[in-house]
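Peer 1: Here's a sequence, model it:
(chains A and B)
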Amino acid sequence: MISVKKIAVQHVLLVVALIAAVALAVQEGWGAQEESPAVTTEQVDPALEEQVREIAANLRCPTCRALSVLDSPSGMAQEMRGLIRDQLLSGKTPDEVTAYFVERYGEWILLQPKAEGFNWTVWLLPVLLLAGGLVFVLMTARRWVQQGQARAAEEGQEGEI
Amino acid sequence: MSFKKLLIPASAIPIIALLAYGLTRDPNKIESPLPGREAFAFSSETLDGDTVRLADLRGSVVVMNFWASWCVACIEEHGYFVEAERLYADSDFQMLGIVYQDTPENARRWMRMRGGDWPSLIDPNSRIAIDYGVYGVPETYFIDKTGRIAFKQIGPVSRALLHQKVDSLLAAPATGDLTATERSAEAISVGESPGHVGDQPVEESDRPTSEGQP
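Peer 2: I've put the predicted structure just below:
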């Protein structure tokens, strides 16, 4: 008959073996990741990539529309990022690259409309509304204070009488 | 009621009016800046391994269709293109397909299955699609004999629209006189159908649509 102590020892050994196996697997995984041929820093020009990101962030993804070309995971957005990179590498300025897309898709492609003509409405209206709201709040607060002071003065006069 | 009390509800009126105007507009309808402009030059390899240059097609009315084998909305219009290829076989007409975000194998299988003898071009890195401001598939460009984009259809093409546009462009002269096509392009670029062309009325259901867009 197998004793309880023997069973307990077997279970402990099994658990230790499992933990060791998992630890080994994790270590091998890390090792493999370190050895994988990732894109090296020599291949990527950080300044160029920053320019690509800046341009792509201001372009609307044509297929998903609610996302920028930078944020969209769609194939079309990926191709557009590649085209931006190629055009920058060919010597085009960021403005010229953006103009290329506007020429093809219209101003719709810009997530941030140009500050010109009727577009000024989009830029100025929020500022005007904010300023108007601020004036309204200040005037209302001032009126309340004046009303409070007048009421206090009236109550003071009634108290004296 | 005093003026001040009316001021707040009155200020809401333009905002509500703006929202109401927004609701009357179709968010899928995007005006393209391309109709009326010179078609961008390109050359690419077809599914059969040949090379096609757009410039070589100058003098023909070119119907350039962006499509994919995964595009359900492309199925019906493809039948109209097959019909048109037969109907306009003796005219200065050229169908041209551009495979959009698809594999050549799938595209070849589609063409074998659904017919059509026109060249379908592979578009590496979607450069032709981006050059033509494509939003998705299907999209079709009607290029006149002088190489100018006369019309862009976002979404599937109907049979009536296809015949109307092709007849109109075939009737236009192949010279620099683009009055007819420019007028047509101008009308379409603001989302209006030119109405009756070639005695073929365009029904409401045949108007440009963006259905089937991804």
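
Peer 1: Poorly predicted segments of chain A, please.
Peer 2: Chain A contains residues with pLDDT under 70 at A:1-9, A:11-42, A:161.

Peer 1: Now the closest residue to chain B within chain A. Nearest residue, chain neighbours left out?
Peer 2: Nearest residue of chain A to chain B: A:R104, at 3.7 Å (C-beta to the nearest C-beta). Just so you know, the C-beta spots here come from the backbone N, C-alpha and C atoms, and that holds for glycine as well. The shortest distance from A:R104 to any non-neighbouring residue, by C-beta to C-beta, 6 or more residues apart in numbering or on different chains, is to B:G133 (3.7 Å).

Peer 1: State the helix or strand in which the one you found lies.
Peer 2: Using DSSP states H and E, B:G133 falls within no helix or strand.

Peer 1: give the contact list for B:S60.
Peer 2: Counting by C-beta atoms under 8 Å, 6 or more residues apart in numbering or on different chains, B:S60 makes contact with B:D92, B:F93, B:Q94, B:K145.

Peer 1: can I assume the second one is in contact with B:G59?
Peer 2: No - the pair formed by B:F93 and B:G59 falls short of the contact definition of C-beta atoms under 8 Å, at 10.9 Å.

Peer 1: Just want to know which of those two has more residues nearby.
Peer 2: B:F93 (19 against 12; other C-beta atoms under 10 Å in any protein chain shown).

Peer 1: still on that earlier bit, how much space between the residue nearest to A:R104 and A:M76?
Peer 2: 12 Å (C-beta to C-beta, to the nearest Å).

Peer 1: Who are the contact partners of the residue of chain B found nearest chain A?
Peer 2: Chain A sits closest to B:G133 of chain B, with a gap of 3.7 Å, by C-beta to the nearest C-beta. B:G133 makes contacts with A:P62, A:R104, A:Y105, A:G106, B:S32, B:P33, B:L34, as judged by C-beta under 8 Å, 6+ apart.

Peer 1: Tell me what the closest residue in space to B:V62 that isn't next to it in sequence is bridged to.
Peer 2: The shortest distance from B:V62 to any non-neighbouring residue, by C-beta to C-beta, 6+ apart, is to B:I143 (4.1 Å). As for beta bridges, B:I143 partners with B:V62, B:I149 under DSSP bridges.

Peer 1: Mind jotting down where the helices sit in chain B?
Peer 2: B:3-23, B:74-87, B:104-114, B:127-131, B:159-171, B:179-189 (DSSP state H).

Peer 1: Tell me which residues of the first one come out buried.
Peer 2: The reference is to helix B:3-23. The neighbour-count check on helix B:3-23 (16 or more other C-beta atoms under 10 Å in any protein chain shown) flags nothing as buried.

Peer 1: average model confidence for it?
Peer 2: pLDDT averaged over helix B:3-23 equals 83, rounded to a whole number.

Peer 1: Show me just the buried residues among the contacts of B:G133.
Peer 2: Judged by 16+ other C-beta under 10 Å, buried ones among the contacts of B:G133: A:P62, A:R104, A:Y105, B:S32, B:P33, B:L34.

Peer 1: quick one, phi/psi of the first one?
Peer 2: This means A:P62. As for A:P62, its main-chain torsions (degrees, to the nearest 10) stand at phi -70, psi -30.
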